[in-house]
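K.L.:
pasted the sequence and its predicted model underneath.
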Amino acid sequence: KQEVTQIPAALSVPEGENLVLNCSFTDSAIYNLQWFRQDPGKGLTSLLLIQSSQREQTSGRLNASLDKSSGRSTLYIAASQPGDSATYLCAVSRTDSWGKLQFGAGTQVVVTP
Amino acid sequence: NAGVTQTPKFQVLKTGQSMTLQCAQDMNHNSMYWYRQDPGMGLRLIYYSASEGTTDKGEVPNGYNVSRLNKREFSLRLESAAPSQTSVYFCASQLSSANTGELFFGEGSRLTVL
């Protein structure tokens, strides 16, 4: 069974610092990996999607890498801002069940002014 | 730009009562999903519908039923609510479960079972 782990569970950084969020998974037979953002009391917003054949994806200040062999993905957020405060979740889908995502528990990020 | 709409947003039930959570999407997506989110456990898939007319169990289906009413709507029913079903429920949609598209989520339905 696929296990998805996000460490740390919570993180606090001063504004301007780069954020590094980690996601690890136990089964390398993944179809894709997605990073989501969740604001308190809200739904999830997709940030980046990395196909299993890709090594990274970038969108603005966000960059996500994928290393299937080591079972790891990292989300980098450059020059953090207070508006980046949220919970970040990663999710993987297997090659044999594309749409069914396995989620990590998330990392709660606070960016202090 | 509604996207995925869930109703109700909040609900309190007594043990044994029944209710239905409604979900509708206006993006012409084929696949729809119901997840539950509990503290410290991430989201877990309850049921999904890969396309209109089909439904399948996810990781935690016990105590729930679903109906894919049409392409737009996917409902989740609790026949006899239990305190263990206190959770936040999210509906999501995707263009197709067979492609690489991202999931779009509703804002959640917060259910408390007393």
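P.N.:
All right, it came through fine. Numbering: from 1, shown residues only, chains lettered A, B, ... in the order given.
K.L.:
the chain: strands as residue ranges?
P.N.:
As the question left the chain open, I've gone with chain A. Taking DSSP state E to define them, one finds strands in chain A at A:4-5, A:10-14, A:19-25, A:30-38, A:44-51, A:56-59, A:62-67, A:72-77, A:86-94, A:97-103, A:107-112.
K.L.:
wrong one, I was asking about chain B
P.N.:
Ranges of strands within chain B are B:4-7, B:10-13, B:19-25, B:31-38, B:42-49, B:56-57, B:64-68, B:74-78, B:87-94, B:104-105, B:109-113, based on DSSP E.
K.L.:
can I get the strands of chain A in CSV with distance to chain B?
P.N.:
C-beta: built from backbone N, CA, C; applies to glycine. Conversion of these to CSV gives the following (distance: least, C-beta to the nearest C-beta, whole Å):
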stretch, distance to chain B
strand A:4-5, 7
strand A:10-14, 11
strand A:19-25, 11
strand A:30-38, 6
strand A:44-51, 4
strand A:56-59, 11
strand A:62-67, 13
strand A:72-77, 15
strand A:86-94, 7
strand A:97-103, 3
strand A:107-112, 11
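K.L.:
quick one: those as CSV, columns for mean pLDDT and mean neighbour count too.
P.N.:
Output for the strands of chain A, formatted as CSV (pLDDT from 0 to 100; neighbours: other C-beta atoms under 10 Å in any protein chain shown):
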stretch, mean pLDDT, mean neighbour count
strand A:4-5, 94, 19
strand A:10-14, 95, 12
strand A:19-25, 96, 19
strand A:30-38, 89, 22
strand A:44-51, 91, 19
strand A:56-59, 94, 14
strand A:62-67, 96, 18
strand A:72-77, 96, 20
strand A:86-94, 92, 23
strand A:97-103, 76, 22
strand A:107-112, 96, 17
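K.L.:
mind putting those strands into CSV with distance to B:Leu43?
P.N.:
Shown next, in CSV, are these (distance: least, C-beta to C-beta, whole Å):
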stretch, distance to B:Leu43
strand A:4-5, 10
strand A:10-14, 18
strand A:19-25, 14
strand A:30-38, 9
strand A:44-51, 8
strand A:56-59, 21
strand A:62-67, 19
strand A:72-77, 17
strand A:86-94, 7
strand A:97-103, 4
strand A:107-112, 14
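K.L.:
and B:Cys91, which of those strands is closest to it?
P.N.:
strand A:44-51 (11.1 Å; C-beta to C-beta).
K.L.:
other SSEs contacting the closest one?
P.N.:
Taking 3 or more C-beta pairs under 8 Å, 6 or more residues apart in numbering or on different chains; DSSP states H and E as contact, the helices and strands that strand A:44-51 lies on are strand A:30-38, strand A:56-59, strand A:62-67, strand A:72-77, strand B:104-105.
K.L.:
ok, back up a step: same list, the strands of chain B, but as CSV with mean neighbour count, mean pLDDT and distance to A:Pro40 please.
P.N.:
What follows is the strands of chain B, written out as CSV (neighbours: other C-beta atoms under 10 Å in any protein chain shown; pLDDT from 0 to 100; distance: least, C-beta to C-beta, whole Å):
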stretch, mean neighbour count, mean pLDDT, distance to A:Pro40
strand B:4-7, 18, 96, 17
strand B:10-13, 14, 96, 15
strand B:19-25, 19, 97, 21
strand B:31-38, 25, 94, 12
strand B:42-49, 22, 92, 16
strand B:56-57, 14, 93, 30
strand B:64-68, 18, 97, 26
strand B:74-78, 20, 97, 23
strand B:87-94, 24, 94, 11
strand B:104-105, 21, 91, 15
strand B:109-113, 18, 97, 12
